[in-house]
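Colleague: Below are the sequence and a predicted model; questions follow.
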Amino acid sequence: MLTETHNNPCDFTELREGIDPSTVGDEILALIRELYPICRSITGDGFRQTLGRLKKEIPLDIHEVASGTRVFDWTVPREWNIRDAYVKNSRGERVIDFRRHNLHVVNYSVPVQRTMSLAQLRPHLHSLPEQPDLIPYRTSYYKENWGFCLPHRQLEQMPEDNYEVCIDSTLLDGHLTYGEYLLPGGSEVEVLISCHSCQPSLCNDNLSGVGVATFLAQHLAQVRLRYSYRFLFIPGTIGSITWLSLNEDHAGKIEHGLVLTCAGDSGFVNYKKSRRGNASIDRAVIQVLKHSGHDYAIHEFSPYGYDERQYCSPGFNLPVGCFMRTPHGKFPEYHTSADNLEFMQPASLADSFSKCLAAFYILENDVTYLSQNPRCEPQLGSRGLYRTMGGHQDEKLQETAMLWVLNLCDGEHSLLDMRRDPEWLSTSSRMPRTSCCAMNYWSRAEEVRHGSHIQHDTLTLALPWSFLRQPCARYPTGCCFVVRRAVLTPEIPDDKLAGRSGRSPRCRPKSIVHRRSKDKGRHAPWREKLRLPLESR
Amino acid sequence: MLTETHNNPCDFTELREGIDPSTVGDEILALIRELYPICRSITGDGFRQTLGRLKKEIPLDIHEVASGTRVFDWTVPREWNIRDAYVKNSRGERVIDFRRHNLHVVNYSVPVQRTMSLAQLRPHLHSLPEQPDLIPYRTSYYKENWGFCLPHRQLEQMPEDNYEVCIDSTLLDGHLTYGEYLLPGGSEVEVLISCHSCQPSLCNDNLSGVGVATFLAQHLAQVRLRYSYRFLFIPGTIGSITWLSLNEDHAGKIEHGLVLTCAGDSGFVNYKKSRRGNASIDRAVIQVLKHSGHDYAIHEFSPYGYDERQYCSPGFNLPVGCFMRTPHGKFPEYHTSADNLEFMQPASLADSFSKCLAAFYILENDVTYLSQNPRCEPQLGSRGLYRTMGGHQDEKLQETAMLWVLNLCDGEHSLLDMRRDPEWLSTSSRMPRTSCCAMNYWSRAEEVRHGSHIQHDTLTLALPWSFLRQPCARYPTGCCFVVRRAVLTPEIPDDKLAGRSGRSPRCRPKSIVHRRSKDKGRHAPWREKLRLPLESR
Amino acid sequence: MLTETHNNPCDFTELREGIDPSTVGDEILALIRELYPICRSITGDGFRQTLGRLKKEIPLDIHEVASGTRVFDWTVPREWNIRDAYVKNSRGERVIDFRRHNLHVVNYSVPVQRTMSLAQLRPHLHSLPEQPDLIPYRTSYYKENWGFCLPHRQLEQMPEDNYEVCIDSTLLDGHLTYGEYLLPGGSEVEVLISCHSCQPSLCNDNLSGVGVATFLAQHLAQVRLRYSYRFLFIPGTIGSITWLSLNEDHAGKIEHGLVLTCAGDSGFVNYKKSRRGNASIDRAVIQVLKHSGHDYAIHEFSPYGYDERQYCSPGFNLPVGCFMRTPHGKFPEYHTSADNLEFMQPASLADSFSKCLAAFYILENDVTYLSQNPRCEPQLGSRGLYRTMGGHQDEKLQETAMLWVLNLCDGEHSLLDMRRDPEWLSTSSRMPRTSCCAMNYWSRAEEVRHGSHIQHDTLTLALPWSFLRQPCARYPTGCCFVVRRAVLTPEIPDDKLAGRSGRSPRCRPKSIVHRRSKDKGRHAPWREKLRLPLESR
């Protein structure tokens, strides 16, 4: 586990550079492996045990909400716990045994202790005729019921017998438990990361989301952040409803959000947009996927899915999208015993982690500037930012990029808008190629790392801080992240840009300090100016 | 003629089911047949006689507006009446005889009683060289003139002779007459149905419109209506101008409207949009046509055409479209003696009637809801509206449909909007197929009848009334028409949905009562809840 | 030079007809020829001498702004003047001689008087290796420097020698000079025409712009204008920044504007839109280009280019586009000694002039009307504007055009909007062809001249003035230009419409008077009515 380093946070870019994708996937999988055997449900000790394990990774707050608590149209259910469950044949053999796989019991089964014929038992047995070797996952949270799940092949072979049926569970007033971790940033405005953590031994749905969220929390905690990040480890549906009900007034602070699920299978990323459809989070994730060099799919919002159903209900309509790889129900292992540890791909877990981080990086850097020199161009030449000898035939990319940025720093275009401004770019079939290029290169700036290996071909878009001002008083700590750091690297192919750098595993404070001092030297000209008021040149 | 049954109105859906298309066309044609021989004009006794006949069908108010009345830029003209007209040859034979066809006289011809040579008469004779067997229809309402119309073949054979020319007409101060029928609904907001009724013996233009409008009035009078419906039987142009002038302040109550014309030829429906271009009436008619399984064409508004020219003049800009089959001037029989009873197709008349009714049905049901549970989803399961056993791989259409409806019941989406919401559907190329389907099925709900023969495959989208609230105080009587009745019938092919059910001719109050009690039983679960306040479940 | 005739202004249409394109190009080139030898810079006597010559053509105001004046982020530089400059070899021969070509000296070179070796001189010599016979154009306005420009072939052959280097220039506190001409129109709202006039012996960039602007000013001065026109002859960049800084509050009066440059090469027109992207000037120029029958290209705004960079900076964001033929840097002669008098095409200069004039003509006539009869149609028939015999099968183009115009005279559609109304036209794939045609013909009206040679096939869209009213109180002099003059000429092919009529050179007041009286007779019917109040017909 990483220590929190709020007193000495590193830079987000350097954090991303410090991540080794070849190890991070294995590390996430190692966590999933520990959580896999636990029999979780939407309430109960399995959920608590899971949160307890996560608390070793990140300083979770554990909340307990009493059964019977009214949460909007719902009621927090009674707490379910289970010790054992089996079906024994007349020879006393456990033919179905909860100890062997916790999917064998219908989740939230009420206690049973009876002997019955196969005919009596049969309605309580669930199987998948089309996947005869797999145990299905079944629940009955809100209607008292009990049952067993088993491979269809086994079900078909069960002989007539007197079966001893035992479910040693309790369904009693207790609590719904959830974990919450607020990572404070410079602003009270929040990014929500929510993952349902209630599934028993199922990996992709959703220990993968739990694992990725945990690692995101760990890594973001290393960084000086603009936004605050709220991580929720909740039971599905009832958990988000409960949280929203208890935090109704607070929800307005959430300006971006992701539900994380199915993050570890071998499929490509499927992103489901928020109900708003063009929220910053939607655009940031799409931006990451577009430039990833990988396949991906974007889905419009629909009210069927995961907890985004609740966050995006019309009374909240929060800008929360759903980040997943293969969506629920679209992979055959879904909700079966085959959604197991073998199904997890470390590379996919690492890629999900890396892409979410890239999206947050864009959000963090998606600043809207208001030029301090909005009337006519600032004199770039006197600041060493423009060639002094005039008359040349060609415009220069970096000059054009600066002019674009200055022209669009009108308080109406965020950096992400600059990329996709409908006025400029979507209608720009006739736009001069070079300007287009400048914008494209600029647009990449958010994603581009500047490491020593690319220093020879980088091009720093160094605009004096005094040129620009952020119009949003809401973000008081906002300093000129992107523009100060923007690096135009025409030579980096697209498929290198999605945060897959490899060198140092994890973010290392030492190297950061080292780099910073190097930086200081390298960018001296404009940093020098940064200290001068504009008038004193 | 149907009796008005306001004290015991039937349901609109059941009204539509009760219509037998195989008889309604013949019935409309029978009315047209009676009206055909009358020599109408924009004023005069022919128009009055026509209204008198219509008054036997619907309780028309007859209005008389004095000649010389100033109506906007126009003046109500003098009243024209005609008793006889002929051209006699020197042998005393009526070679052109108004008694044989009233198109033989140029409508609004001033009185003439003279003998003249063919050369003198010739400028007053009108024919169609390219349609030599047909009598053209000519008028001279606003310039004093006289003339005769005759087949070109006959004109060419007229010998030099001394012709006795007689037009026994009067053009004197009198009145412009029009008929008006206001069918009151729950709201004062009005739907306008306007048809020009001034043409002499011409069927498609526009006894067809007159007939369809009359039958619409008769049938809508059977139904409990949300809107009030205003039917105008007016002379073309001057009639709508006169009505608008006399009702200038009232016009703002018209929120939807149709001009009906050319409703009986064998062509497909041509709908010309209102000047607004996306009014509810435009979308409702287009919705009907799209799902009719028939050919159709949609036209943008243009200021040339029928009385929509006046209703859509910029000072009014009312949302009034024009419903027609083959448009004016696009069928060779237009404005000739060939636009006669033989040209009328009962099936087309019935289809025009049925499609207009379907559009009004959509308007009536196009409610905008505001969810009473906007924050998070309502718990559908506890109301028996959601499966209780969780974990299945597939989503269910009806559940998804309910979730969509609840999610879009945000006070901003009418039911018609839900179908075509630009956020969800027009950009939904990547929308999950099932959600699309759900929306499509839902969208059909407006048009779908639920009769016993399709009960086995219907799927009731039964949302408790307590879930929803209409945000428009303007429609105080609005009850939960559609959502209470919405029936999703995936199995009905498109071409079965356009109101062509056959069984009971007309709406029968008895069967309605019968059905209602059946309904009550069938939908008991949620109707039960409907009586309970939300909190007492 | 034309005399100003404000007391007896001619009509814009007649002005355009009076222009002979075969002579106007030569006349502009004659002016350029006089200006070509002058060694201009962004300050100094060359610029003053240029303005002095222009003042013989148009009554320029000459402004002098002191060096050191702070203009936004910039400072007015010291004034540069040069008497002589040369590089002499040891034999006393001037191997580089400013007297032979003023491009030989780097513009703004500080004084030098030294003898040096070739190696010492070499860093101060500029050439174009890829265009070895041309002298490049180089400047160093804002950094003290000096240098010579010469053909690369000459540079390569320069032997080692002791060179006497002399630049007899001064760079001293003085003034920045610019010329300004305000042509007052009926309104204080302004059209800005700006051209940078600081280049030494370079023709396309930008004596061509200077020449075209001068002729536009001369000709517009002949016309009764709706807008006021402000012509600026300024040094590039620092000139527009200076003007904007001195006229910051005034800038808001500029509602349309063009930067003119590269107006005389043989290429087609390239129009670069204003930053707003859909300003009236953008639409007017595009309209001219579309209907010109010539090739053209439209470019989105970019912040690299000419003085539109300053006018369109976000703090001003003025609707100023850039009209040019081949853009800067896209022709090989750009910024070299080959951009000389031979490079100028009189036909191109005339065409640039004519197209700018056509765009201003559209702006002048792009009136927004508010119908005086907005409620229902006016009775066109009683005014002789509509056929009186009704019942014909076909609509008539001119009637439909009148109905469209009346319908769109709703205070929301300018004449240019009527052409491209998104409601009517962009979605009009199903619009009746004839209506489309009517709109197309109408849309041409702005550009169409009506001379006697096309009278036989013209079709006057003569709407009584009393029908229409302009809603903008801002334009008090606005009379019914277009609608009174609108001429629909379906027979004129597109390539005849771009103001290339030939007959009388320049606008001749006599012929104008003559025509007017002819007009009066021709259009008598509605002119008669024009004098009557609407009610007295």
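Modeller: Great, that's in hand. Numbering: from 1, shown residues only, chains lettered A, B, ... in the order given.
Colleague: rest of the way, CA atoms for contacts and neighbours
Modeller: Noted.
Colleague: where do the helices sit along the stretch 101-250 of chain A?
Modeller: Taking DSSP state H, counting those that start in this stretch as the criterion, the stretch 101-250 of chain A contains helices spanning A:118-121, A:152-157, A:208-220, A:238-246.
Colleague: Highest mean neighbour count out of the ones you listed?
Modeller: helix A:208-220 (a mean of 26; mean count of other CA atoms under 10 Å in any protein chain shown).
Colleague: Mind giving me the packing neighbours of that helix?
Modeller: helix A:21-35, strand A:190-196, strand A:228-234, strand A:254-260, helix A:346-365 (3 or more CA pairs under 8 Å, 6 or more residues apart in numbering or on different chains; DSSP states H and E).
Colleague: 6 Å instead, please
Modeller: Packing partners of helix A:208-220 (3 or more CA pairs under 6 Å, 6 or more residues apart in numbering or on different chains; DSSP states H and E): none among the helices and strands.
Colleague: Take it, keep the C-alpha atoms, and write them as CSV.
Modeller: Provided in CSV are the C-alpha atoms of helix A:208-220 (Å, rounded to 0.1, in the frame of the first residue of the first chain):
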residue,chain,number,x,y,z
SER,A,208,-12.6,-5.9,-11.0
GLY,A,209,-14.3,-2.5,-10.4
VAL,A,210,-13.5,-2.7,-6.7
GLY,A,211,-9.9,-3.4,-7.4
VAL,A,212,-9.5,-0.7,-10.0
ALA,A,213,-11.3,1.9,-7.8
THR,A,214,-9.0,1.0,-4.9
PHE,A,215,-5.9,1.5,-7.0
LEU,A,216,-7.2,4.7,-8.4
ALA,A,217,-7.8,6.0,-4.9
GLN,A,218,-4.3,5.0,-3.9
HIS,A,219,-2.7,6.7,-6.8
LEU,A,220,-4.8,9.8,-6.8
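Colleague: Show residues contacting that helix.
Modeller: A:28, A:195, A:260-261, A:263-264, A:353 (CA atoms under 6 Å, 6 or more residues apart in numbering or on different chains).
Colleague: State the mean pLDDT of it.
Modeller: For helix A:208-220, mean pLDDT is 98.
Colleague: measure the spatially most central residue of chain A to residue A:414 for me?
Modeller: Centroid check for chain A by CA atoms, centre = their mean gives residue A:356 as the closest residue, at 4.6 Å. From residue A:356 across to residue A:414, the span is 20 Å (CA to CA, to the nearest Å).
Colleague: Stretch A:283-292 vs chain B: in contact?
Modeller: No - applying CA under 6 Å from any CA of the partner chain, one finds stretch A:283-292 out of contact with chain B, separated by at least 13.7 Å.
Colleague: What residues sit buried inside that stretch?
Modeller: A:283-292 (16 or more other CA atoms under 10 Å in any protein chain shown).
Colleague: cool, stretch A:253-268 as well?
Modeller: Buried residues in stretch A:253-268 (16+ other CA under 10 Å): A:254-268.
Colleague: so where is chain A shaky, pLDDT-wise?
Modeller: A:1-8, A:393-398, A:401, A:418-537 (pLDDT under 70).
Colleague: tell me which parts of it are close to chain B?
Modeller: Residues of chain A lying near chain B (CA under 6 Å from any CA): A:73, A:137-140, A:299-300, A:303, A:310, A:313-316, A:329.
Colleague: Dump those residues to TSV, plus neighbour count, distance to chain C and secondary structure.
Modeller: Listed next are the residues of chain A next to chain B as TSV, based on neighbours: other CA atoms under 10 Å in any protein chain shown; distance: CA to the nearest CA, whole Å; DSSP: H, G, I helix; E, B strand; the rest coil:
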residue	neighbour count	distance to chain C	secondary structure
A:73	18	45	coil
A:137	29	52	coil
A:138	24	52	coil
A:139	22	52	strand
A:140	19	53	coil
A:299	19	28	strand
A:300	21	26	coil
A:303	23	32	coil
A:310	28	38	helix
A:313	23	34	coil
A:314	23	31	coil
A:315	18	34	coil
A:316	16	35	coil
A:329	14	40	coil
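Colleague: Can you tell me which of these is closest to residue B:368?
Modeller: Lowest distance from residue B:368 to the residues of chain A next to chain B (CA to CA) belongs to residue A:314, with 14.0 Å.
Colleague: Skipping its backbone neighbours, what lies nearest the closest one in space?
Modeller: residue B:374 (5.4 Å; CA to CA, 6 or more residues apart in numbering or on different chains).
Colleague: And for residue A:28?
Modeller: residue A:211 (5.5 Å).
Colleague: what about the one you found, distance to chain C?
Modeller: 46 Å (CA to the nearest CA, to the nearest Å).
Colleague: And residue A:368, by the same measure?
Modeller: 14 Å.
Colleague: can you check residue A:243 too?
Modeller: 44 Å.
Colleague: Distance of that residue relative to chain B?
Modeller: Taking CA to the nearest CA, one finds residue A:243 at 11 Å from chain B.
Colleague: again with residue A:32
Modeller: From residue A:32 to chain B the distance is 21 Å (CA to the nearest CA).
Colleague: Please report phi then psi for the spatially closest residue to residue A:326 that is not a sequence neighbour.
Modeller: Nearest residue to residue A:326, sequence neighbours excluded (CA to CA, 6+ apart): residue A:267, at 5.4 Å. In terms of degrees, to the nearest 10, the main-chain angles of residue A:267 are phi -80, psi 170.
Colleague: And residue A:287, by the same measure?
Modeller: According to degrees, to the nearest 10, residue A:287 has phi -60, psi -50.
Colleague: List the contacts of it.
Modeller: Per CA under 6 Å, 6+ apart, neighbours of residue A:287: none.
Colleague: mind running it again at 8 Å?
Modeller: residue A:359 (CA atoms under 8 Å, 6 or more residues apart in numbering or on different chains).
Colleague: ok, back up a step: can I get the contacts of helix A:208-220 in CSV with distance to residue A:232?
Modeller: As requested, those are exported to CSV (distance: CA to CA, whole Å):
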residue, distance to residue A:232
A:28, 17
A:195, 6
A:260, 10
A:261, 13
A:263, 16
A:264, 19
A:353, 16
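Colleague: Looking at those, spot the one nearest chain B.
Modeller: residue A:261 (15.2 Å; CA to the nearest CA).
Colleague: Show me the contact partners of stretch A:140-147.
Modeller: With CA under 8 Å, 6+ apart, stretch A:140-147 has contacts from A:77, A:105-112, A:124-126, B:381-382, B:388-390.
Colleague: Only the buried subset of the residues you listed, as a PyMOL command please.
Modeller: Remark: buried members of these, expressed as a PyMOL selection using 16+ other CA under 10 Å:
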select buried, (chain A and resi 77+105+106+107+108+109+110+111+112+125+126) or (chain B and resi 388+389+390)
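Colleague: quick one: which of the contacts of stretch A:140-147 sit in strands?
Modeller: A:112, A:125-126 (DSSP state E).
Colleague: any idea what sits nearest residue A:413, other than its immediate chain neighbours?
Modeller: In space, residue A:413 is closest to residue A:368, 5.8 Å off (CA to CA, 6+ apart).
Colleague: okay, now that neighbour: neighbour count?
Modeller: Using other CA atoms under 10 Å in any protein chain shown, residue A:368 has 22 other residues around it.
Colleague: What about it? Give its phi and psi, please.
Modeller: phi -110, psi 120.
Colleague: my read: it touches residue A:408, true?
Modeller: No - taking CA atoms under 8 Å as the definition, residue A:368 is not a contact partner of residue A:408, at 9.2 Å.
Colleague: I'd like the distance between the closest residue in space to residue A:94 that isn't next to it in sequence and residue A:113.
Modeller: Excluding the flanking residues, the one nearest residue A:94 by CA to CA, 6+ apart is residue A:88, at 4.3 Å. Distance, residue A:88 to residue A:113, using CA to CA: 11 Å.
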